[in-house]
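# Structure, please.
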Amino acid sequence: MDTISRENNSMLPVGAIIVGVIALLLGGYAAITLSKVNTRLADHDNKLARVEAVEGAANSASAAADRTSKDLQALRQQTQSGFNEISEAIRNLVTTVTKIEESGKKPVVAAKDGKKGGEAAVAGPNEYIVKAGDGGTKIAKTAGVSLADLQAVNPGVDWTKLKVGQKLKLPAKK
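Model (predicted):
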């Protein structure tokens, strides 16, 4: 029995060596594979960092767009308010101009014989009543006659000292 057990035992160390070599080969392969996995993991970490940077930039751009939108809305409101104020001012000006035009059309009150509180002077046919700011040239142009003809039919008038409410004769139109 001694010989049989020696023969069987002699293969045992060789088997152990073979198993050890296979284990070393598997361990080396695992180490190489682990190294590749670590490299890929590092690459993925870099890509993830870039994606996070892009996400941060997108969030910043979104926040800036929101602020710009709010600023634009505020500007629209200010512009509309300005237009409303301007339109109100224009309405007031139109009302004032209309009142001025209407007051220019009303007959001018002239004093009778130099007394206060005279009645309104009314222009008859071929007559003109002097208004504030009138001069000979303006009156002639308004009446559609020449200044020379106007002066000829009003010989006693001092054209440099016209008085509001003063009646002038108008020449016949040619």
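# domain parsing for the chain?
1-106, 107-174 (automatic domain parsing).
# Make JSON lines out of those and add mean neighbour count and mean pLDDT.
Glycine gets a C-beta too; all of them are placed from N, C-alpha and C. Listed next are the domains of the chain as JSON lines, based on neighbours: other CB atoms under 10 Å; pLDDT from 0 to 100:
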{"stretch": "domain 1-106", "mean neighbour count": "10", "mean pLDDT": "88"}
{"stretch": "domain 107-174", "mean neighbour count": "13", "mean pLDDT": "80"}
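# Next, report how far stretch 40-51 is displaced from the centre of its chain.
For stretch 40-51, the distance from its own C-alpha centre to the chain's C-alpha centre is 46 Å (CA atoms, centre = their mean, to the nearest Å).
# Ignore what I typed, I meant stretch 54-63.
27 Å.
# Which residues does it contact?
Defining contact as CB atoms under 8 Å, 6 or more residues apart in numbering, one finds that nothing outside stretch 54-63 touches it.
# Ser69 sits in which helix or strand?
Counting by DSSP states H and E, the element that carries Ser69 is helix 2-105.
# and the helix or strand following that helix, how far out from the chain's middle?
Later in the chain than helix 2-105, the nearest helix or strand by DSSP H and E is strand 127-129. Using CA atoms, centre = their mean, we find the averaged C-alpha position of strand 127-129 to lie 53 Å away from the chain's own average C-alpha position.
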